[in-house]
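Student: quick one: sequence plus predicted model below, questions after.
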Amino acid sequence: MMMPVVAMLVVTVSNGNNHLRIRCGYQRREEQQGEEAKQNLFHTSSDAPAATGVVAPIPYSLLPIACFSPTPPALQSTLPMAYQVLARKYRPQRFADVIGQDHVTRTLLNALSQNRIAHGYIFSGHRGIGKTTIARILASALNCRTEIGSPARPTPEPCGICESCTEIKAGNAVDVIEIDAATNRGIDEIRELRDAARYRPSRDKYKIYILDEAHQITDAAFNALLKTLEEPPDHIIFMMATTQPEDIPQTIRSRCQHFSFHAVKLDDIIGQLRLIATAEAITADDATLALLAEAGDGSMRDALSIMDQAIASAPTVSGHPKLDAAQIRELMGSVSNVVYEEILQAVHANDSAAVLSIVGKLLDAGNGAPQLARQFVRYLRNTIVAKITSLAPEAEATGVAADLLQISPEERHRAARSAALFTEEELSRFLSILLRTFDELGYRQEQRFHLELGLLKLVHMQRLVPIEELLSQLGPKHTSASTPRPAATPSAPRATATVPAPPSAPPPASPKLTMTAGSLALASDPEPEPEPVSSGPQLVVTQPAPIGNLDLATLQSACIAALAAVKGQTSASEQIEDCAFSLDANILTIQTTLSSHMLPVVLNADAERILQATLRAAAPGLKLKLLPGAPEPATTAPKKPRAATSGSAAELAQKHPLVQQAMQLFSAEISNVIDLRGKE
Ligand SMILES: [Zn+2]
């Protein structure tokens, strides 16, 4: 990042024959003091080849940042050799050196060779993947003084040796202005920038503004920039680097070329780390480099920062720093994924005690609960990917698996081993639980307990029957996956509702629901039995039998007929078909399948009057009692198809076998039915 320019002088001196024009920008550099520094403060340059430098007194706290031909003498050598972090030291200087962003560099190189230069560029993507680097390289390539096609510059890549290139590399070119938009985000700063943009570049072809963290610029400030972007002077180019391109107003975005950067692939990062390790004479094996690269999480700069830190704390072996995985894990506060594999094994073995003991040891060793949860989430994610891509434990990842699993081969094997223990659904549920746990850890006290609870839930998860499994067994078309839809083999224990009963069974089969341990099955059972889950009174009398001199079956038929004869009582009539009639002394109980709030709707006052009249006709003095009830599916099979086209929607819904099963399964009632029949 360039320091702010505090002074810019254009000094013309003349000796009568030669004119010397000197242009110098200065930046404040406090540490550059002392006599030696003073003598090197000022470097002159000239438009005229034979010119000699002439010096005007300049405050010594100001250091020239723009020095023109001839190349500044010995300026660099007077500066103390400071340690440069790896990310800066190995910052790419050519498009070809940028790793993992081929789609961007290719396009830019083409644009440069065809001279199709836009006035606004947006470089977006994750941190530390080369946005600002590419902006600088592009700036060098645009302002490079060596012509494309010349021996020093055969391609559009910047030559790297001319003054423009070297100055941009050093971060002190006058015409390439880098602005940290995070701190210069207001309208005043942008107005200043806009006003300065009107002036032509001091020397180079383009005046280039690189706005870092451009999404931080306020809307008002962006608006101030809009006009400049819309009709930019030929010499102006804006490059905006941002991690959040969606925060840049659409009006700005539509005037720029937008390049979206990719996360850098693990193998690319490892390759780069290996090159750097070799160049720096650092000993590090592949597993260590892979760990560093993983820690970078797609960001080259992050990986290099951790490497810097690791080198600083590494022991020296025969004069060279030696990195190893355990030391780096300690540095990052992470633990080996071995423990997560062990935890998943314990979960698979249903061993809560083992899970708690593993996590207890980790916490006692000083690892933070949030960090452990975070790492576990990542591990589970990789496990799921291994499962989904059917990665075999000892196989090499290829294709999608390799793309999605940006981890070392050893870690891929580990993830695949864990994946083999569980189904995809189980792993997804684990991840969901762990993500929630991780969220909660952020704001809860007693983090240890929350982490333990989250892990125990994984064990419990194993014992629960998932709702998907229950739902998948609902309905004839959704029987268990092992039964192919058209097959319905005669020996299948789970027969569908449409499978006819064995011919040997005397009465028509009445399919009924049976609840077995955690699973629901439709079974053909010729023997009507009391429903185990229903709490209502005796309600299964599917074979009406004469009691006393009253034939209940005949009575039921009479009721059905009486209701069917009255307009608007079709639903009630159909409902009575499904009811169980029972007689106790002089009270006739009609056990309906309707819920208590559906009962008065379907069997309304009119219907009840008709029923009363029918009863009186059959046996005077007989009292009627209508009971709401648990759904009784025993009589749903003989339902005529007409039921699907007549009657109220609510009743139809109530009678649908799938709905009934669902209501029974979840002890639920229908709360709402939307009737779409008229709209078809
Ligand atoms: Zn150049």
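Tutor: Looks like it came in fine. Treat the numbers as computed from the prediction; the structure is a model and nothing was measured. Numbers count the residues shown, from 1 in each chain.

Student: what parts of the protein come near the ion?
Tutor: Proximity of the chain to the ion, by Cβ under 5 Å from the ion, involves residues 144, 146, 158-159, 162, 165. All C-beta atoms are positioned from the backbone trio N, CA, C, and that covers glycine.

Student: compare those and tell me which is most surrounded.
Tutor: Pro158 (29 neighbours; other Cβ atoms under 10 Å).

Student: which stretches of this structure aren't confidently modelled?
Tutor: 1-81, 465-468, 474-549, 630-647, 678-680 (pLDDT under 70).

Student: per-domain residue ranges of it.
Tutor: 5-78, 86-260, 266-332, 338-464, 552-665 (automatic domain parsing).

Student: for Ser472, find the nearest of these.
Tutor: Closest approach to Ser472 among the domains of the chain is made by domain 338-464 (10.8 Å; Cβ to Cβ).

Student: starting at the chain centroid, how far to the closest one?
Tutor: With Cα atoms, centre = their mean, to the nearest Å as the basis, domain 338-464 stands 17 Å off its chain's centre.

Student: check stretch 330-344 too.
Tutor: For stretch 330-344, the distance to the chain centre is 23 Å (Cα atoms, centre = their mean).

Student: gap between the two ends of it?
Tutor: 23 Å (Cα to Cα, to the nearest Å).

Student: same question for stretch 578-593.
Tutor: Terminal-residue distance, stretch 578-593 (Cα to Cα): 7 Å.

Student: indicate which one of the domains of the chain is closest to Asp675.
Tutor: Taking Cβ to Cβ, domain 552-665 is the member of the domains of the chain nearest to Asp675, at 3.6 Å.

Student: span of the closest one from start to end?
Tutor: Per Cα to Cα, domain 552-665 runs 31 Å from first to last residue.

Student: please shift the residue numbers so they start at 540 in all later answers.
Tutor: From this message on, residue numbering opens at 540, which makes the last subject domain 1091-1204.

Student: run a quick neighbour tally on the residue in the stretch 990-1139 of the chain positioned nearest to the ion.
Tutor: For the stretch 990-1139 of the chain and the ion, the shortest gap (Cβ to the ion) falls at Leu990, measuring 55.8 Å. Number of residues near Leu990 (other Cβ under 10 Å) recorded here: 25.

Student: and the helix or strand it falls within, what does it pack onto?
Tutor: For Leu990, the host element (DSSP states H and E) is helix 986-1002. Judged by 3 or more Cβ pairs under 8 Å, 6 or more residues apart in numbering; DSSP states H and E, helix 986-1002 is in contact with helix 877-887, helix 891-903, helix 908-927, helix 963-980.

Student: grab the nearest non-local neighbour of Arg1216.
Tutor: Ala1188 (7.2 Å; Cβ to Cβ, 6 or more residues apart in numbering).

Student: which residues does that neighbour contact?
Tutor: By Cβ atoms under 8 Å, 6 or more residues apart in numbering, the contact list for Ala1188 reads 1212-1214, 1216.

Student: I'd like the distance between it and Thr1131.
Tutor: 18 Å (Cβ to Cβ, to the nearest Å).

Student: the helices in the stretch 590-739 of the chain, which residues?
Tutor: 614-617, 625-628, 641-652, 670-682, 702-709, 726-736 (DSSP state H, counting those that start in this stretch).

Student: pick the most deeply packed of those.
Tutor: helix 670-682 (a mean of 24; mean count of other Cβ atoms under 10 Å).

Student: among the contacts of Ala1188, which one lies nearest to Ala912?
Tutor: Ala912 has its nearest neighbour among the contacts of Ala1188 in Ile1213, at 42.3 Å by Cβ to Cβ.

Student: and that closest one, how far from the ion?
Tutor: Distance, Ile1213 to the ion, using Cβ to the ion, to the nearest Å: 70 Å.

Student: what sits against the residue sitting nearest the centre point of the chain?
Tutor: For the chain, the residue nearest the mean C-alpha position is Arg920 (10.7 Å; Cα atoms, centre = their mean). By Cβ under 8 Å, 6+ apart, Arg920 lies in contact with Leu970.

Student: residues near the nearest residue to Leu902 once chain neighbours are set aside, how many?
Tutor: Nearest residue to Leu902, sequence neighbours excluded (Cβ to Cβ, 6+ apart): Arg987, at 5.7 Å. By other Cβ under 10 Å, the residues close to Arg987 number 16.

Student: identify the residues contacting Ser838.
Tutor: Neighbouring residues of Ser838 by Cβ under 8 Å, 6+ apart: 665-668, 802-803.

Student: redo that, cut-off 7 Å
Tutor: Applying Cβ atoms under 7 Å, 6 or more residues apart in numbering to Ser838 gives the contacts 665-668, 803.

Student: so how do I select the buried members of these in PyMOL?
Tutor: PyMOL command restricting the contacts of Ser838 to the buried ones, with burial defined by 16 or more other Cβ atoms under 10 Å:
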select buried, resi 665+667+668+803
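
Student: just the helices and strands packed on helix 986-1002: most buried one?
Tutor: Comparing those by mean neighbour count (mean count of other Cβ under 10 Å), helix 908-927 ranks first with a mean of 21.

Student: all helices for the stretch 1090-1219 of the chain, in order.
Tutor: 1091-1104, 1109-1117, 1138-1141, 1144-1157, 1188-1194, 1196-1204.
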